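> Structure for this input, please:
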Amino acid sequence: FETIMKFETEKAIFPFVYNNAAYSKYATNALWKEMLETSILPLVRPHFDPHNTHIPPRLHLVSGHDTTILPLLATLGVLNETDPWTPYASMMVIEIYNLVGGNEDSERDHDIFQTDYAFRLLYNGKVLTDKIPRCHEGLELCDVNVLLRITRPIAYNTECGEPDLSIVATAATWEQQQQSSKSSSSTIGGFLSWILTILLSAAIGSGTTYFVLSRRSYTRNQTTFEPVEVFTEDKDVIPVI
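You can find the predicted model right below:
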């Protein structure tokens with residue numbers, strides 16, 4: 001039973017991590033955008049925009065399912081560090097910290113924390129921050145820029161890069177050609193349909209006529225006549241048909 005459970009679990013999780021978690025990135029696009037714009041970006045914006053006076057919420061709570069948490073963990077590259085499947089009542093937490101002593105003379109390692117903000121990732125009480133790519137091993141905190149570099153391309157659909165305008169123009173031209181071709185095809189197709197209808201009607205009529213005439217000819221050929229006996233004066237019987 002355990003072998004079957006392990007096989008089915010791994011089969012269900014595989015789409016979340018396959019191809020660099022491509023499916024998970026598309027599936028969590030709207031959710032990452034909501035979390036970034038509602039809580040994460042407003043919290044760290046003072047570092048990038050000191051004149052910003054917006055007060056972000058202290059807590060942003062999102063409820064979901066196991067299939068909500070799994071792709072979120074997959075996009076951060078830590079799904080393999082968790083339970084095989086998200087247990088019931090699981091909780092994923094992203095904490096944002098404002099680092100004390102943000103000046104260059106502080107004892108903070110500026111090679112690790114390049115901004116004044118850091119984050120910590122917890123999953124069911126277990127710290128997974130150092131399992132995220134580009135976060136330092138053994139540290140519970142990681143610079144918030146690492147989180148933004150991972151999540152912003154997902155949230156704003158830039159994971160696949162900027163669109164090639166020449167390709168877009170070519171696609172538009174191709175679409176116009178297709179529309180023109182469809183218009184011409186519809187006219188020709190209508191005429192051909194009309195001809196085909198006439199030919200089909202003629203074929204059906206001819207076939208029906210042939211079948212009826214053939215049946216009549218067959219019935220006539222199968223008709224038999226009983227002989228009639230004619231008696232002569234000599235009482236000889238002469239069959240007459």
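
> So which residues of this structure form strands?
Ranges of strands within the chain are 92-98, 117-123, 126-127, 142-143, 228-231, 237-240, based on DSSP state E.

> Tell me what angle the second one forms with strand 92-98.
Which is strand 117-123. Counting by axes from the mean of the first three to the mean of the last three C-alpha atoms, to 10 degrees, strand 117-123 lies at 160 degrees to strand 92-98.

> Could I get the buried residue list for strand 117-123?
117-121, 123 (16 or more other C-beta atoms under 10 Å). Every residue, glycine included, has its C-beta placed from N, CA and C.

> out of those, what pair is the most spread apart?
Longest distance between any two of the buried residues of strand 117-123 is 20.7 Å, between 117 and 123; criterion C-beta to C-beta.

> out of the buried residues of strand 117-123, who's nearest residue 156?
Among the buried residues of strand 117-123, and counting by C-beta to C-beta, the member closest to residue 156 is residue 119, at 18.8 Å.

> all helices in this protein, in order from the N-terminus.
2-27, 29-35, 41-48, 66-75, 144-155, 165-221 (DSSP state H).

> from these, which stretch is densest packed?
Mean neighbour count (mean count of other C-beta atoms under 10 Å) peaks for helix 66-75 among the helices of the chain, with a mean of 21.

> tilt between that helix and strand 117-123?
Here helix 66-75 runs at an angle of 130 degrees relative to strand 117-123 (the same axes, to 10 degrees).

> How about residues contacting helix 66-75?
13, 16-17, 21, 23-25, 27-28, 31-32, 79, 82, 85-88, 90, 92, 123, 150-151, 154 (C-beta atoms under 8 Å, 6 or more residues apart in numbering).

> any idea of the mean pLDDT in that helix?
Mean pLDDT, computed over helix 66-75, is 93.

> could you check the angle helix 2-27 makes with that helix?
Helix 66-75 and helix 2-27 are oriented at 70 degrees to each other (the same axes, to 10 degrees).

> ok so, going back, which one, of the helices of the chain, ends up nearest to residue 109?
That would be helix 144-155 among the helices of the chain, by C-beta to C-beta, at 14.3 Å.

> Who are the packing partners of the closest one?
Packing contacts for helix 144-155, counted by 3 or more C-beta pairs under 8 Å, 6 or more residues apart in numbering; DSSP states H and E, involve helix 29-35, helix 66-75, strand 117-123.
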